[in-house]
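Undergrad: Sequence and predicted structure below; questions after.
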Amino acid sequence: MIKKLHQKIQKGEVSSEEICGSYLANVADKDREINAFLDVFDKEEILEQARQVDEKVKQGKEISLLEGIPCAIKDVINIQGKKTTAASKMMENYVAPNDAGVIERLKKEGAIFLGKTNLDEFAMGASTENSAFGITKNPYDLERVSGGSSGGSAAAVAAEMAPWALGTDTGGSIRQPSAFCGVVGFKGTYGQVSRWGVFPMATSYDQVGPIAQSVEDAAIIFKTIAGKDERDNTTIEKSGQVGELEELRGDLTGRRIGYVKEFFEKEGLDKDVKEIVERRIKEAEKAGAKVVEIELPNFKYSLATYYLMITSEVSSNMARIDGIRFGLNEGLLPDSESKSLLDIYKKSRALGLGAEVKRRIILGTYALSAGYYDAYYKKAQAVRELIKNDLKKAFVEVDCIIAPTSPTPAFKIGDKIENPLAMYLADIYTVTANVGMIPAISIPAGWAERDGKKLPVGMQLLGRWWDDWKLLDIAKGMELGE
Ligand code: GLN
């Protein structure tokens, strides 16, 4: 898709202005219903950028792959001069003073930003129902969720309101909405992509990544945003690990695909999802891949490890949302009854934060408190190592591990919102990659019918540390034809 658009712009067959104009028209046409965007940037500004690219083409200059092609950005990623709300009332008026590291890279390549997309407040959730600014509906069935937390980005790509988008993934927030919306979502190895200028949820888990129409598109975007950023010490120099697009041939011959029986025996795994993913495994075998049964003995602890660690890191990261530096500033108003600093904190946080964010701050503060730290956070860290060791062993035998992305297709709006545990269980297959810090991708796998509507089903491939490119290659081999 991106390559095709690029070639058309480069050859002068279609202008960037026309492309941007048509996506903006789709946004105007569809987004009142879907609510994927929190902010759509000024049309004239966008078209002016597009015309500059078209001018370059007219002058016979070569443009880069993403140049003149529009995209949408999850609203936890800073674009200088634009609002970053994190879908929270607390940040409603926050204007980013700088570009995130990933945005700098995209600007250098000439990408054009259409706007900012909706999410669960501060990226905490799996349905966008926790957004302070309304739910993003699933383009395939408006009564269903788009997934989360990057639901706005996934819905925007699925509904052709943007050819591609950026999301963030702490425990599945790129992959699960991509599965629900029938698009591709990729999270690289922790440390591949800069987190600088991205509002942190859980620092040792967060990664920025692409949501796109195809594996190749995801690879193009990933290659652009990956690499060392001095301002994020967890990033590494882009090396041979991120290869060339031509290397993505999608040949499955000899590829060893890990099959974990436990994944497919889980209670709560939808019958259609199970059948679809198992069918795709058989097809991969026919295409030359070798399916190897492996075990991840500590997989059963992934979800608990994840929720313990991330709530702890959330409580620490959210301390800055204090109603003074960031936040509502309610307690600071002249007519306020606040008498102390604590009053200010209490007032602005009580008014400004949603229930899920408060729940996580409370859980995390508890887990980190004196006397509990060793029993909870430290223990969870030790279990994280056990899970990593399981993965290390597995990746001696296999090139990737296959799993459903989500146990079910997109669920109905309202189905899980009253039951946090049910919502957390939706992350059962995605969190392992974040706990293990490995790359993982969700690709469309098939369709399930519900209430007379066809809903997309996604499947996941998990790869070895820094084998991002190999994972993308295998994913390309398993991608459904158009
Ligand atoms: N659904 C997961 C959670 O609520 C994932 C969130 C994310 O990846 N940002 O924590």
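TA: Nice, I can see it.
Undergrad: Please make it C-alpha for all contacts and neighbour counts, starting now.
TA: Fine.
Undergrad: if I've got this straight, Gln49 is in a helix?
TA: Yes - Gln49 sits within a helix when classified using DSSP: H, G, I helix; E, B strand; the rest coil.
Undergrad: Does Glu17 touch Ala50 like I think?
TA: Yes - counting by CA atoms under 8 Å, Glu17 touches Ala50, with 4.8 Å between them.
Undergrad: Which one's more surrounded, those two?
TA: Neighbour count, other CA atoms under 10 Å: between Glu17 and Ala50, Ala50 has more, with 25 against 21.
Undergrad: contacting residues for that one?
TA: Taking CA atoms under 8 Å, 6 or more residues apart in numbering, we find Ala50 in contact with Ser15, Ser16, Glu17, Cys20, Gly68, Ile112.
Undergrad: quick one: least confident helix or strand in this protein?
TA: Each helix and strand of the chain was given a mean pLDDT (mean pLDDT, DSSP states H and E); the minimum falls on helix 341-352 at a mean of 85.
Undergrad: Flag every buried residue along that helix.
TA: Across helix 341-352, burial judged by 16 or more other CA atoms under 10 Å covers Ile344, Tyr345, Lys346, Lys347, Ser348, Arg349, Gly352.
Undergrad: May I have the secondary structure class of the closest residue to the ligand within the stretch 351-482 of the chain?
TA: Proximity to the ligand, evaluated over the stretch 351-482 of the chain using CA to the nearest ligand atom, is greatest for Asp427 at 5.6 Å. Three-state assignment for Asp427 (three-state DSSP): coil.
Undergrad: tell me the pLDDT at it?
TA: Asp427 carries a pLDDT value of 96.
Undergrad: cool, Glu62 as well?
TA: Here the pLDDT value assigned to Glu62 is 97.
Undergrad: out of everything not next to it in sequence, what's closest to it?
TA: Distances taken as CA to CA, 6 or more residues apart in numbering put Gln10 closest to Glu62, at 7.1 Å, once the chain neighbours are dropped.
Undergrad: Check Phe199 too.
TA: Nearest residue to Phe199, sequence neighbours excluded (CA to CA, 6+ apart): Val76, at 5.2 Å.
Undergrad: Can you name the residues that contact the one you found?
TA: Residues counted as contacts of Val76 (CA under 8 Å, 6+ apart) are Thr84, Thr85, Ala86, Phe122, Ala123, Val198, Phe199.
Undergrad: Quick one, which of those are buried?
TA: Thr84, Thr85, Ala86, Phe122, Ala123, Val198, Phe199.
Undergrad: Which members of those additionally contact the ligand?
TA: Checking those against the ligand by CA under 6 Å from any ligand atom, the ones in range are Ala123.
Undergrad: ok, so of the buried ones among the contacts of Val76, who is nearest Asp451?
TA: Asp451 lies nearest to Ala123 out of the buried ones among the contacts of Val76, by CA to CA, at 29.3 Å.
Undergrad: residues in contact with that closest one?
TA: When contacts are counted by CA under 8 Å, 6+ apart, Ala123 touches Val76, Ala86, Gly148, Ser149, Ser150, Thr168, Ser173, Met201.
Undergrad: ok, now which ones touch the fourth one?
TA: Which is Ser149. Residues in contact with Ser149 (CA under 8 Å, 6+ apart) are Leu119, Asp120, Ala123, Met124, Gly125, Ala126, Ser127, Thr128, Ser173, Ile174, Pro177.
Undergrad: picking up where we left off before, which ones among the contacts of Ala123 map onto strands?
TA: Using DSSP state E, Thr168 are the members of these that sit in strands.
Undergrad: Next, format the contacts of Ala123 as a markdown table and append pLDDT.
TA: Below are the contacts of Ala123 laid out as a markdown table (pLDDT from 0 to 100):
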| residue | pLDDT |
| --- | --- |
| Val76 | 98 |
| Ala86 | 98 |
| Gly148 | 96 |
| Ser149 | 98 |
| Ser150 | 98 |
| Thr168 | 98 |
| Ser173 | 98 |
| Met201 | 97 |
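Undergrad: Checking Phe222 next. Helix, strand or coil?
TA: Per three-state DSSP, the local secondary structure of Phe222 is helix.
Undergrad: Test my guess that it contacts Val208.
TA: No - look at Phe222 against Val208 with CA under 8 Å: they stay out of range, at 9.1 Å.
Undergrad: separation between the residue nearest to Glu62 and Lys238?
TA: Distance from Gln10 to Lys238, counting by CA to CA, to the nearest Å: 27 Å.
Undergrad: Next: Ala123.
TA: According to CA to CA, Ala123 and Lys238 sit 27 Å apart.
Undergrad: Mind jotting down where the strands sit in the chain?
TA: For the chain, the strands defined by DSSP E cover 37-40, 70-74, 112-117, 137-138, 141-145, 164-169, 184-187, 207-212, 256-260, 290-294, 400-404, 440-450, 453-463.
Undergrad: For the first one, output the C-alpha coordinates as PDB.
TA: Meaning strand 37-40. C-alpha atoms of strand 37-40 as PDB (Å, rounded to 0.1, in the frame of the first residue of the first chain):
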ATOM      1  CA  PHE A  37      -9.700  10.900  16.000                       C
ATOM      2  CA  LEU A  38      -9.500  13.300  18.900                       C
ATOM      3  CA  ASP A  39      -8.000  16.000  16.800                       C
ATOM      4  CA  VAL A  40      -7.900  16.400  13.000                       C
END
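Undergrad: who does that strand pair up with?
TA: strand 112-117 (antiparallel) (DSSP bridges).
Undergrad: which non-adjacent residue is nearest Tyr259?
TA: Tyr259's closest residue in space is Glu293 (CA to CA, 6+ apart), at 4.7 Å.
Undergrad: Tell me the pLDDT of that neighbour.
TA: Listed pLDDT for Glu293 reads 98.
Undergrad: Tell me, how many residues neighbour it?
TA: Counted by other CA under 10 Å, the residues lying close to Glu293 total 15.
Undergrad: got a list of what it touches?
TA: Listed by CA under 8 Å, 6+ apart, the contact set of Glu293 reads Gly258, Tyr259, Val260, Lys261.
Undergrad: What is the neighbour count of the third one?
TA: The local packing of Val260 (other CA under 10 Å) involves 18 other residues.
Undergrad: Does it touch Leu296 like I think?
TA: Yes - in this structure, Val260 is within contact of Leu296 by CA under 8 Å, at 7.2 Å.
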